[in-house]
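# How does the following fold in three dimensions:
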Amino acid sequence: MNFHSSNAEQNAYYVYIESLLKTTITNKKTKMGEQIVIKCKAKEVQNIAHNILYEIKKRDWSSDTFITILSQRIEEENEVLTKTLGQIGSCEFTEEMAAKDAIFDRDFICLEQFVEANLYMRDKDVAANARKVWNVFAANDLKLYIQSYESQISSFNSLIKELDSDELKPLLDSLVGVSDCLDLVRSSAKELAETYLLMQKISDEQMELIAPLAQQKIIREIINNDLLPYLNVMASVNKEIYGDIKQVVVGYIEDLNQKINSRTTYSKN
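Purely as a prediction, here's the structure:
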(Lines give C-alpha, C1' and ligand atoms only; values in the text may rest on other atoms or scores of the structure.)
Protein backbone atom coordinates (compact mmCIF):
# COMPACT_ATOMS: atom_id res chain seq x y z
CA MET A 1 0.00 0.00 0.00
CA ASN A 2 1.11 3.57 -0.67
CA PHE A 3 1.38 5.14 2.79
CA HIS A 4 0.14 8.43 1.35
CA SER A 5 -3.14 6.97 0.07
CA SER A 6 -6.50 8.59 0.78
CA ASN A 7 -8.42 7.80 3.97
CA ALA A 8 -10.97 5.78 1.99
CA GLU A 9 -8.24 3.66 0.42
CA GLN A 10 -6.59 3.15 3.78
CA ASN A 11 -9.86 2.11 5.42
CA ALA A 12 -10.57 -0.37 2.66
CA TYR A 13 -7.03 -1.71 2.93
CA TYR A 14 -7.30 -2.20 6.70
CA VAL A 15 -10.63 -4.00 6.29
CA TYR A 16 -8.87 -6.35 3.85
CA ILE A 17 -5.93 -6.86 6.24
CA GLU A 18 -8.32 -7.48 9.13
CA SER A 19 -10.05 -10.23 7.17
CA LEU A 20 -6.69 -11.83 6.38
CA LEU A 21 -5.70 -11.65 10.04
CA LYS A 22 -8.90 -13.35 11.14
CA THR A 23 -8.32 -16.10 8.58
CA THR A 24 -4.71 -16.52 9.71
CA ILE A 25 -5.61 -16.77 13.40
CA THR A 26 -8.60 -19.06 12.77
CA ASN A 27 -6.55 -21.43 10.61
CA LYS A 28 -3.51 -21.12 12.91
CA LYS A 29 -1.20 -20.49 9.97
CA THR A 30 1.57 -19.15 12.16
CA LYS A 31 4.07 -22.00 12.42
CA MET A 32 4.81 -23.26 15.94
CA GLY A 33 8.52 -22.82 15.23
CA GLU A 34 7.83 -19.11 14.75
CA GLN A 35 6.21 -18.74 18.18
CA ILE A 36 7.98 -18.24 21.50
CA VAL A 37 7.60 -21.53 23.33
CA ILE A 38 6.07 -21.76 26.81
CA LYS A 39 9.25 -23.14 28.44
CA CYS A 40 11.12 -19.86 28.05
CA LYS A 41 12.37 -17.97 31.10
CA ALA A 42 11.21 -14.51 32.12
CA LYS A 43 14.66 -13.06 31.44
CA GLU A 44 14.64 -14.58 27.93
CA VAL A 45 11.26 -12.98 27.16
CA GLN A 46 12.56 -9.67 28.48
CA ASN A 47 15.58 -9.87 26.17
CA ILE A 48 13.67 -10.89 23.03
CA ALA A 49 11.06 -8.17 23.60
CA HIS A 50 13.89 -5.64 23.91
CA ASN A 51 15.47 -6.92 20.67
CA ILE A 52 12.18 -6.83 18.76
CA LEU A 53 11.49 -3.28 19.91
CA TYR A 54 15.01 -2.27 18.88
CA GLU A 55 14.41 -3.62 15.36
CA ILE A 56 10.98 -1.99 15.05
CA LYS A 57 12.38 1.41 16.09
CA LYS A 58 14.92 1.32 13.27
CA ARG A 59 12.11 2.38 10.92
CA ASP A 60 9.33 4.95 11.06
CA TRP A 61 6.10 2.95 11.51
CA SER A 62 3.92 5.93 12.41
CA SER A 63 1.76 5.25 9.32
CA ASP A 64 1.02 1.74 10.59
CA THR A 65 -1.35 2.11 13.52
CA PHE A 66 -1.32 -1.59 14.37
CA ILE A 67 2.48 -1.91 14.69
CA THR A 68 2.61 1.38 16.62
CA ILE A 69 0.05 0.13 19.14
CA LEU A 70 1.65 -3.32 19.44
CA SER A 71 5.15 -1.93 19.98
CA GLN A 72 3.80 0.41 22.66
CA ARG A 73 2.10 -2.50 24.41
CA ILE A 74 5.24 -4.65 24.28
CA GLU A 75 7.36 -1.78 25.58
CA GLU A 76 5.00 -1.02 28.47
CA GLU A 77 4.67 -4.67 29.51
CA ASN A 78 8.41 -5.23 29.20
CA GLU A 79 9.08 -2.27 31.49
CA VAL A 80 6.86 -3.93 34.09
CA LEU A 81 8.73 -7.22 33.66
CA THR A 82 12.13 -5.49 33.93
CA LYS A 83 11.06 -3.75 37.13
CA THR A 84 9.80 -7.00 38.63
CA LEU A 85 12.98 -8.90 37.80
CA GLY A 86 15.04 -6.14 39.37
CA GLN A 87 13.05 -6.30 42.61
CA ILE A 88 13.41 -10.06 42.85
CA GLY A 89 17.11 -9.90 42.07
CA SER A 90 17.72 -8.11 45.36
CA CYS A 91 16.59 -11.08 47.42
CA GLU A 92 16.83 -11.83 51.11
CA PHE A 93 20.41 -13.11 50.82
CA THR A 94 21.86 -9.73 49.84
CA GLU A 95 22.85 -8.77 53.39
CA GLU A 96 24.16 -12.24 54.20
CA MET A 97 26.26 -12.26 51.03
CA ALA A 98 27.74 -8.87 51.91
CA ALA A 99 28.64 -10.13 55.39
CA LYS A 100 30.25 -13.34 54.07
CA ASP A 101 32.09 -11.34 51.43
CA ALA A 102 33.50 -8.96 54.05
CA ILE A 103 34.86 -11.91 56.05
CA PHE A 104 36.42 -13.45 52.94
CA ASP A 105 37.98 -10.11 51.94
CA ARG A 106 39.52 -9.68 55.41
CA ASP A 107 40.88 -13.25 55.47
CA PHE A 108 42.31 -13.01 51.96
CA ILE A 109 44.03 -9.69 52.64
CA CYS A 110 45.45 -11.16 55.86
CA LEU A 111 46.83 -14.14 53.91
CA GLU A 112 48.43 -11.86 51.34
CA GLN A 113 50.02 -9.69 54.00
CA PHE A 114 51.52 -12.67 55.82
CA VAL A 115 53.00 -13.96 52.56
CA GLU A 116 54.37 -10.49 51.80
CA ALA A 117 55.83 -10.20 55.31
CA ASN A 118 57.78 -13.41 54.74
CA LEU A 119 59.59 -11.71 51.87
CA TYR A 120 61.56 -9.82 54.53
CA MET A 121 62.47 -12.75 56.76
CA ARG A 122 66.13 -13.08 57.86
CA ASP A 123 66.12 -16.68 56.68
CA LYS A 124 67.01 -16.37 53.00
CA ASP A 125 65.40 -19.71 52.12
CA VAL A 126 62.10 -18.62 53.67
CA ALA A 127 62.32 -15.29 51.88
CA ALA A 128 63.03 -17.07 48.58
CA ASN A 129 60.06 -19.39 49.11
CA ALA A 130 57.88 -16.40 49.92
CA ARG A 131 58.95 -14.74 46.66
CA LYS A 132 57.85 -17.78 44.63
CA VAL A 133 54.51 -17.92 46.42
CA TRP A 134 54.02 -14.17 46.07
CA ASN A 135 54.60 -14.39 42.32
CA VAL A 136 51.73 -16.90 42.11
CA PHE A 137 49.45 -14.51 44.01
CA ALA A 138 50.45 -11.66 41.70
CA ALA A 139 49.79 -13.75 38.59
CA ASN A 140 46.28 -14.60 39.81
CA ASP A 141 45.32 -11.03 40.84
CA LEU A 142 46.34 -9.52 44.17
CA LYS A 143 42.99 -7.71 44.39
CA LEU A 144 40.62 -10.51 43.43
CA TYR A 145 38.52 -9.57 46.48
CA ILE A 146 37.20 -6.46 44.67
CA GLN A 147 35.71 -8.54 41.84
CA SER A 148 32.09 -9.67 41.61
CA TYR A 149 31.04 -12.56 43.85
CA GLU A 150 31.16 -15.09 41.03
CA SER A 151 34.52 -13.85 39.72
CA GLN A 152 36.28 -13.75 43.07
CA ILE A 153 35.06 -17.26 43.95
CA SER A 154 36.31 -18.55 40.60
CA SER A 155 39.62 -16.67 40.87
CA PHE A 156 40.23 -17.91 44.42
CA ASN A 157 39.53 -21.52 43.39
CA SER A 158 42.12 -21.19 40.62
CA LEU A 159 44.64 -19.76 43.07
CA ILE A 160 44.05 -22.51 45.64
CA LYS A 161 44.49 -25.16 42.96
CA GLU A 162 47.98 -23.80 42.30
CA LEU A 163 48.85 -23.40 45.97
CA ASP A 164 47.88 -27.02 46.66
CA SER A 165 50.23 -28.30 43.98
CA ASP A 166 53.14 -30.56 44.98
CA GLU A 167 55.55 -27.80 44.02
CA LEU A 168 54.04 -24.96 46.06
CA LYS A 169 52.59 -26.68 49.12
CA PRO A 170 56.01 -27.30 50.78
CA LEU A 171 56.94 -23.67 50.15
CA LEU A 172 53.73 -22.47 51.82
CA ASP A 173 54.32 -24.72 54.83
CA SER A 174 57.74 -23.11 55.33
CA LEU A 175 56.32 -19.59 55.63
CA VAL A 176 55.66 -18.15 59.08
CA GLY A 177 51.96 -17.80 59.97
CA VAL A 178 50.71 -18.52 56.45
CA SER A 179 49.19 -21.98 57.06
CA ASP A 180 46.74 -20.65 59.67
CA CYS A 181 45.73 -17.75 57.40
CA LEU A 182 45.21 -20.15 54.52
CA ASP A 183 42.91 -22.35 56.61
CA LEU A 184 40.81 -19.33 57.55
CA VAL A 185 40.44 -18.07 53.99
CA ARG A 186 39.57 -21.55 52.72
CA SER A 187 36.74 -21.67 55.25
CA SER A 188 35.41 -18.17 54.48
CA ALA A 189 35.65 -18.80 50.72
CA LYS A 190 33.65 -22.02 51.13
CA GLU A 191 30.92 -20.20 53.07
CA LEU A 192 30.85 -17.39 50.53
CA ALA A 193 30.49 -19.86 47.63
CA GLU A 194 27.74 -21.85 49.37
CA THR A 195 25.73 -18.72 50.17
CA TYR A 196 26.18 -17.43 46.61
CA LEU A 197 24.90 -20.70 45.10
CA LEU A 198 21.92 -20.71 47.44
CA MET A 199 21.14 -17.10 46.60
CA GLN A 200 21.31 -17.86 42.87
CA LYS A 201 19.05 -20.91 43.25
CA ILE A 202 16.40 -19.04 45.21
CA SER A 203 16.60 -15.99 42.95
CA ASP A 204 16.07 -18.18 39.87
CA GLU A 205 13.14 -19.98 41.47
CA GLN A 206 11.51 -16.71 42.53
CA MET A 207 12.17 -15.21 39.11
CA GLU A 208 10.19 -17.99 37.45
CA LEU A 209 7.49 -18.68 40.03
CA ILE A 210 6.32 -15.26 41.21
CA ALA A 211 5.12 -12.26 39.18
CA PRO A 212 7.49 -12.58 36.19
CA LEU A 213 5.84 -15.84 35.15
CA ALA A 214 2.52 -14.08 34.62
CA GLN A 215 4.13 -10.96 33.14
CA GLN A 216 6.27 -12.81 30.62
CA LYS A 217 3.14 -14.69 29.49
CA ILE A 218 1.48 -11.37 28.62
CA ILE A 219 4.44 -10.33 26.46
CA ARG A 220 4.75 -13.77 24.87
CA GLU A 221 1.06 -13.73 23.89
CA ILE A 222 1.28 -10.24 22.37
CA ILE A 223 4.19 -11.37 20.21
CA ASN A 224 2.76 -14.82 19.35
CA ASN A 225 -0.92 -13.96 18.91
CA ASP A 226 -0.84 -10.37 17.66
CA LEU A 227 2.52 -9.29 16.24
CA LEU A 228 3.50 -12.48 14.40
CA PRO A 229 0.16 -13.08 12.61
CA TYR A 230 0.11 -9.42 11.58
CA LEU A 231 3.66 -9.50 10.21
CA ASN A 232 2.94 -12.77 8.37
CA VAL A 233 -0.07 -11.25 6.65
CA MET A 234 1.57 -7.92 5.88
CA ALA A 235 4.73 -9.57 4.54
CA SER A 236 2.61 -11.66 2.18
CA VAL A 237 0.84 -8.60 0.74
CA ASN A 238 3.67 -6.05 0.99
CA LYS A 239 7.01 -7.86 1.21
CA GLU A 240 9.03 -4.76 0.39
CA ILE A 241 7.88 -2.97 3.56
CA TYR A 242 7.28 -5.86 5.97
CA GLY A 243 9.46 -8.71 4.72
CA ASP A 244 12.65 -7.69 6.51
CA ILE A 245 11.10 -6.95 9.90
CA LYS A 246 9.16 -10.22 9.77
CA GLN A 247 12.32 -12.22 9.06
CA VAL A 248 14.28 -10.50 11.82
CA VAL A 249 11.56 -11.12 14.42
CA VAL A 250 11.15 -14.76 13.35
CA GLY A 251 14.94 -15.15 13.46
CA TYR A 252 15.09 -13.95 17.06
CA ILE A 253 12.31 -16.36 18.03
CA GLU A 254 13.86 -19.34 16.25
CA ASP A 255 17.21 -18.69 17.97
CA LEU A 256 15.51 -18.53 21.36
CA ASN A 257 13.48 -21.69 20.74
CA GLN A 258 16.60 -23.55 19.68
CA LYS A 259 18.31 -22.51 22.91
CA ILE A 260 15.30 -23.65 24.96
CA ASN A 261 15.07 -26.98 23.13
CA SER A 262 18.79 -27.60 23.66
CA ARG A 263 18.40 -26.85 27.36
CA THR A 264 15.41 -29.20 27.65
CA THR A 265 17.22 -32.00 25.81
CA TYR A 266 20.29 -31.57 28.02
CA SER A 267 18.25 -31.70 31.23
CA LYS A 268 16.55 -34.93 30.13
CA ASN A 269 19.93 -36.54 29.52
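# Could you list the low-pLDDT ranges of the stretch 151-269 of the chain?
Low-confidence segments of the stretch 151-269 of the chain, defined by pLDDT under 70: 202-212, 263-269.
# Show me where it has its helices.
Using DSSP state H, counting those that start in this stretch, the helices of the stretch 151-269 of the chain run over 169-173, 178-209, 211-221, 228-237, 239-268.
# Among those, which comes closest to residue 98?
helix 178-209 (10.1 Å; Cβ to Cβ). For glycine as for every other residue, the C-beta is placed from the backbone atoms N, C-alpha and C.
# Please find the angle between the direction vectors of the closest one and helix 211-221.
Helix 178-209 and helix 211-221 are oriented at 50 degrees to each other (axes from the mean of the first three to the mean of the last three Cα atoms, to 10 degrees).
# mind starting the numbering at 22 from now?
Got it, first residue is 22 now, which makes that one helix 199-230.
# What residues of helix 199-230 count as buried?
Within helix 199-230, the residues that count as buried by 16 or more other Cβ atoms under 10 Å are 199, 202-203, 205-207, 209-210, 212-214, 216-217, 220, 224, 227-228.
# Could you do stretch 248-266 as well?
248-256, 262-263, 266.
# Let me have the residues you listed in TSV, extended by distance to residue 144.
What follows is the buried residues of stretch 248-266, written out as TSV (distance: Cβ to Cβ, whole Å):
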residue	distance to residue 144
248	74
249	75
250	80
251	80
252	76
253	79
254	84
255	82
256	79
262	81
263	79
266	73
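# Nearest to residue 67 among the residues you listed?
residue 248 (15.9 Å).
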